[in-house]
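Participant: The sequence and its predicted three-dimensional model are supplied below.
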Amino acid sequence: MKIFIDPPNSLVLFDLVERFGHEPLSTMAAIQERVDNLEVDMPPMNVTLDDVVKGLKYAGIEVPSGVRGRLALWGPLIEEADAAIVMEDCPYSFGCVGCERSNLMVKYLIHRRGIPTLMVKYPETDEEAVNFVAQAKEWMEGLK
Amino acid sequence: MSEERETRLYMISPRSMLTPDQLVRMVHAFGDKALVKETCYGCLVEAPRSENLAILAKVREEYPNEVFSKIRAYRCSDPRRCRAQHGTRPGFAQLEEEWALLAKIQYGLDQVEKGAKYKPLDDKKRLDVNAFKKICEVQ
């Protein structure tokens, strides 16, 4: 099954989804398409007009361009996904490299699609990590 | 996902005794015609997707819970990303953060292999008012 991961560029989630036999849908694949096929200077920092139009499908014109740009990449992935796994409270998805508004929009879009979703908390300790891995494994095995 | 070219990033967990040099030598020893680049956290491997998946399977066989991987959008040594060519590396802050998390994930995978199951954690309870008053009264 195709599983959308959030944060969409997370190494941990990408690895676990592949490890337990599913196909992760990530930002990297979406950016790779632009790197290989488009004459864009530095994706995802630079976008095409098509991306801007695509982003408008998921976020209104009044929404900041950063949110719309992110959703232009992630929106089609969410539409393609059969399931989603969301890691909440990641330290890197907030602040200078992340965007909380985009994260909220992603969660909303996943919820609106109604696909099976696993919400997990970012593990802070070894015990939480055991719980996180066990929960993700059980959930992904149940999807088959 | 592109079938022609796939660049894969391998990151070694900080709990592992494996070094990037050992990992690169091992990938080279598989004999595939992949482009391998050693990095501070592990290595980058560039090859067609089918070949890359075969390498990943072999690496997982040798080091099942110590090496983690994901795909990378840009090619190895792309001037827009490669530090050696003064490229920016905007994703490195996240990689650094996740590198620290890998130690915990490795431990989690080891324990799950040994048979650990998911146990829902207890919800955090609200602080009792009297207990809070006591905390406030401490000089």
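Facilitator: Yep, that arrived. Residues are numbered from 1 along each chain as shown, chains lettered A, B, ... in the order given.

Participant: how about the residues of chain B that lie near chain A?
Facilitator: Neighbours of chain A within chain B, by Cβ under 8 Å from any Cβ of the partner chain: B:1-2, B:4-5, B:7, B:9, B:11, B:56, B:60, B:68-75, B:78, B:80, B:90-91, B:93-95, B:97-98, B:101-102, B:104-105, B:107-109, B:111-112, B:116-119, B:121. Every residue, glycine included, has its C-beta placed from N, CA and C.

Participant: Generate a PyMOL selection restricted to the buried subset of those residues.
Facilitator: Typed into PyMOL, the line below selects the buried ones among the residues of chain B next to chain A, using 16 or more other Cβ atoms under 10 Å in any protein chain shown:
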select buried, chain B and resi 7+9+11+56+60+68+69+70+71+72+73+74+75+91+94+95+98+101+102+104+105+107+108+109+111+112+116+118
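
Participant: State the distance from residue A:47 to residue B:81.
Facilitator: To residue B:81, residue A:47 is 18 Å away according to Cβ to Cβ, to the nearest Å.

Participant: ok, which stretches of the chain are strands?
Facilitator: Just going to use chain A. Along chain A, counting by DSSP state E, strands occupy A:2-6, A:23-25, A:83-88, A:117-121.

Participant: um, chain B though
Facilitator: Listed in chain order, the strands found in chain B under DSSP E are B:6-12, B:35-38, B:42-47, B:67-72.

Participant: Could you check how many residues crowd around the residue lying closest to residue A:94 once chain neighbours are set aside?
Facilitator: Leaving aside its sequence neighbours, residue A:94 sits nearest to residue A:100 (Cβ to Cβ, 6 or more residues apart in numbering or on different chains; 5.4 Å). For residue A:100, the count of nearby residues is 11 (other Cβ atoms under 10 Å in any protein chain shown).

Participant: Before we move on, what's the pLDDT of the residue in chain A sticking out farthest from the centre?
Facilitator: In chain A, the residue that sits farthest from the middle, by Cα atoms, centre = their mean, is residue A:127; the gap is 25.2 Å. pLDDT, residue A:127: 92.

Participant: Please report the distance of it from chain B.
Facilitator: Per Cβ to the nearest Cβ, to the nearest Å, residue A:127 is found 8 Å from chain B.

Participant: Identify the residues contacting that residue.
Facilitator: Going by Cβ atoms under 8 Å, 6 or more residues apart in numbering or on different chains, residue A:127 touches no other residue.

Participant: do the one 4 residues further on as well
Facilitator: Applying Cβ under 8 Å, 6+ apart, we find residue A:131 in contact with A:123, B:108, B:118-119, B:121.

Participant: Now, those that are in helices?
Facilitator: Members of those lying in helices (criterion: DSSP state H): residue B:108.

Participant: ok, so of the contacts of residue A:131, who is nearest residue B:21?
Facilitator: residue B:108 (26.7 Å; Cβ to Cβ).

Participant: ok, back up a step: could the strands of chain A be laid out in a markdown table, adding mean neighbour count, mean pLDDT and distance to residue A:72?
Facilitator: Shown next, in a markdown table, are the strands of chain A (neighbours: other Cβ atoms under 10 Å in any protein chain shown; pLDDT from 0 to 100; distance: least, Cβ to Cβ, whole Å):
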| stretch | mean neighbour count | mean pLDDT | distance to residue A:72 |
| --- | --- | --- | --- |
| strand A:2-6 | 24 | 94 | 15 |
| strand A:23-25 | 21 | 95 | 15 |
| strand A:83-88 | 20 | 94 | 18 |
| strand A:117-121 | 16 | 94 | 22 |
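
Participant: okay, those in TSV with distance to residue A:37 next?
Facilitator: TSV is the format used below for those (distance: least, Cβ to Cβ, whole Å):
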stretch	distance to residue A:37
strand A:2-6	21
strand A:23-25	18
strand A:83-88	26
strand A:117-121	31
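
Participant: in the chain, what spans have low per-residue confidence?
Facilitator: No chain specified, so I'll use chain A. Residues of chain A that meet the criterion pLDDT under 70 lie in A:96-97.

Participant: you looked at the wrong chain, it should be chain B
Facilitator: B:1-3, B:87-88, B:139.

Participant: For it, just list every one of the helices.
Facilitator: With DSSP H as the criterion, chain B has helices at B:20-29, B:49-62, B:92-113, B:129-137.

Participant: cool, chain A as well?
Facilitator: Under DSSP H, chain A gives helices at A:11-19, A:27-37, A:49-58, A:65-80, A:100-113, A:126-143.
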